[in-house]
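**Student:** Sequence and predicted structure, then a few things I'm wondering about:
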Amino acid sequence: MTPQEVLQRYFGYDHFRKGQEEMISHILAGQDVIGIMPTGAGKSICYQIPALLLPGITIVISPLISLMKDQVEALRQNGIAAACLNSIMSEEERRETLSALYRGSVKILYAAPERLETQSFYRISREIGVSFVAVDEAHCVSQWGQDFRPSYLKIMQFLEQLPQRPIIGAFTATATKEVADDIVRILQLQTPFMLTTGFDRENLYFGVMQPRDKFRALVDIIRSHEGESGIVYCISRKLVENVTNDLHEHGIDAVRYHAGLSGEERQANQDAFLYDRVLVMVATNAFGMGIDKSNVGFVVHYNMPKNLESYYQEAGRAGRDGSKADCILLYNGADVQLNQFMISKDNANDQLSEADRERIRQQDEERLKRMTFYSTRRSCLRHYMLQYFGEKSPDYCGNCSCCKTNYEQKDISTEALKILSCIYRLHQRDLHFGIRVVSDILRGKETERTEKFHFPDTLSTFGIMKDMTERQCQEIIRFLLSEDYLTQGGEYHVLMLNRKSAMFLKDRPALFMNTEKSAEPRPEHRQSAVPADIDQSLFALLKDMRRQIAERERVPAYIIFTDHTLQDMCRKQPVSDMAFLSVSGVGQVKLEKYGSRFMSVIREYLNNKQA
């Protein structure tokens, strides 16, 4: 079979997504690969199709048991022989899996990196013939990635012990150049074909809100997405508990997920969310890596994450099936301090040298700064994010909160000159302060600190922006930081001048910043997850049939068919096998398993409409 035939027969798609066919052809030619493809871009197809066409076994190294279970179940639903080995399996389940491997009844085996260290796994791998190893979430191998896992460093030791080196593929959703270089070096990829498909997900709306009452804003967002699944990310376990309890008090059914819960409760809550028994999941970032739930209509970050890599990966769990979805960040200045505290805790790693810990801390601080710029900016969020990942894009997307907000450009040249001059005069006295103190000085606020240094009497820039509010003054300072007219440094993140600020003080060019027009209200935004051309009544009937089958087979509904596939059924209304095969996401196996039941629903619906 050709890759195209495999795609059609087992996965039900007529054409590959961007980059997939190219990646597959290089793997089948025996070349190592590294694929950087955003969540929802179809990375798994890139190693699953070669696995079916190559001789021997493909091992997929995956970091989470939930991810393995999800993908194995989805593959089996498509008629593909897949299995997994993990720590929570019973001895009988392990024996059955090993027996299937020896019989050659498994083509794709999922395993956690920790399994590679066991003698039994090593022995089996030598005997069954491994032709391809796919490393999923490959950024975990890099100390400089946002989710380093020491167990990933064991992968090369495992590969070196195999009798014959397999083809190696590394796949991740987000990786800076430094992390990508680390992946190639650590996994010892040999002249790999590297593909970055682009990070933009046009179906996602990105929004930042700075509400006075975060919880009230969250309730409004959830209620505006009635009937849709959504994830709410919180920065701490305690906040997960509080938000979940408060949602219950407001009549919103939600489940919680964090590392402090028992394994049984985490699994039960995850299943409730995956099976659509509960629509809202409140979680720390412990939830979600590799979760394939395709119909998540919104992701809300209750707190600002500590870097854009994590944010884009977590937000990208919305709209995986291509449907429109909302990604909303609820920002508060206190999030910055909380993240700084957590960064200081994260770097207490005994396995790293002091120099490495310091380097990682500095990198984490820089990432946090870029995340803060994203959260406080007044121009296109998508442009800023794509630029961060090294991708060129227009500076207007029309599908983010900044592009949809009624902004006007304001000349802030004078204000910028005052701010930079104030910091310059403080530097002359060998004094360095953060945003809040500099804002107090500029606004002429008499505090214990300003009195201590006699600023009201001795500093010419004291009070030169007294007509501004604290928020207005700090917004301009943050804008200067985001545009690199200022930098921050040291333990207390003090403001410092740089070459660009020196040039500004010398040349005094015009400088403009977007400001929101206060006279007109900010427009409400809500993307509809269901396209306007979909017959809602038929869609509801098809969803009900899918739910019945999913409950009977005890699998998540989206593993039967995604919402995107059901919507295509609504458009095409197939009542014959040939027509049903033309639906996106329907392959030969699923036609044979489910076609008659879904076509029966469609026939009955059409007959009732004509009656």
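**Tutor:** Right, received. Where do you want to start?
**Student:** Three-state assignment for the spatially most central residue of the chain, please.
**Tutor:** Against the mean C-alpha coordinate of the chain, by CA atoms, centre = their mean, the closest residue is Gln313 at 1.4 Å. When classified by DSSP: H, G, I helix; E, B strand; the rest coil, Gln313 comes out as helix.
**Student:** Isn't it up against Phe199?
**Tutor:** No - counting by CB atoms under 8 Å, Gln313 stays clear of Phe199, with 10.6 Å between them. Backbone N, C-alpha and C define where each C-beta goes, glycine included.
**Student:** Need the residues touching each of these two.
**Tutor:** The contact sets of Gln313 and Phe199 overlap at Thr174 (CB atoms under 8 Å, 6 or more residues apart in numbering).
**Student:** distance between stretch 210-219 and the chain's centre?
**Tutor:** The gap between where stretch 210-219 is centred and where its chain is centred comes out at 22 Å by CA atoms, centre = their mean, to the nearest Å.
**Student:** Check the gap between Gly585 and Leu85 for me.
**Tutor:** 29 Å (CB to CB, to the nearest Å).
**Student:** Which of those two has more residues huddled nearby?
**Tutor:** The residue with more neighbours, out of Gly585 and Leu85, is Leu85; 21 against 18, by other CB atoms under 10 Å.
**Student:** and the closest residue to that one other than its chain neighbours, what pLDDT?
**Tutor:** Distance criterion CB to CB, 6 or more residues apart in numbering; nearest residue to Leu85, sequence neighbours excluded, is Ala111 at 5.1 Å. pLDDT recorded at Ala111 is 90.
**Student:** which residues does Ala111 form a beta bridge with?
**Tutor:** Counting by DSSP bridges, Ala111 is bridged to Ile61, Leu85.
**Student:** Provide a list of residues in contact with it.
**Tutor:** Contacts for Ala111 (CB under 8 Å, 6+ apart) come out as 59-62, 68, 84-86, 121.
**Student:** Please report how far it lies from Lys543.
**Tutor:** From Ala111 to Lys543 the distance is 34 Å (CB to CB).
**Student:** ditto for Leu581
**Tutor:** Per CB to CB, Leu581 is found 21 Å from Lys543.
**Student:** likewise Gln190?
**Tutor:** The spacing between Gln190 and Lys543, counted by CB to CB, is 47 Å.
**Student:** before we move on, what about Asp411?
**Tutor:** Counting by CB to CB, the separation of Asp411 from Lys543 is 53 Å.
**Student:** Tell me which of the two has more neighbours.
**Tutor:** Each of Asp411 and Lys543 has its neighbours counted (other CB under 10 Å); Lys543 has more, 16 against 11.
**Student:** Give the helix, strand or coil label for the more buried one.
**Tutor:** Classified using three-state DSSP, Lys543 is helix.
**Student:** Could you verify my assumption that it touches Thr565?
**Tutor:** No - here Lys543 does not reach Thr565: they are 11.1 Å apart, not a contact under CB under 8 Å.
**Student:** What's the end-to-end length of stretch 104-115?
**Tutor:** With CA to CA, to the nearest Å applied, stretch 104-115 spans 20 Å between its terminal residues.
**Student:** Buried ones in that stretch, by neighbour count?
**Tutor:** For stretch 104-115, burial by neighbour count (16 or more other CB atoms under 10 Å) applies to 106-113, 115.
**Student:** how many neighbours does the closest residue to Asn78 other than its chain neighbours have?
**Tutor:** Nearest non-adjacent residue to Asn78, counting by CB to CB, 6+ apart: Tyr10, 4.8 Å away. Residues near Tyr10, counting by other CB under 10 Å, number 21.
**Student:** Assumed Arg317 was part of a helix.
**Tutor:** No - looking at Arg317 with three-state DSSP, it is coil, so not inside a helix.
**Student:** I'd say it and Ile231 touch.
**Tutor:** Yes - using CB under 8 Å, Arg317 makes contact with Ile231 at a distance of 6.2 Å.
**Student:** roughly how far apart are Ser221 and Gln210?
**Tutor:** One correction, residue 221 is Ile, not Ser. According to CB to CB, Ile221 and Gln210 sit 14 Å apart.
**Student:** ok, the two, which is more surrounded?
**Tutor:** Legend: neighbour count by other CB under 10 Å for Ile221 and Gln210, higher for Ile221 (19 against 14).
**Student:** How about the contacts made by Phe580?
**Tutor:** 574, 586, 591, 595, 598-599.
**Student:** which element is it on?
**Tutor:** Here Phe580, judged by DSSP states H and E, is contained in helix 577-581.
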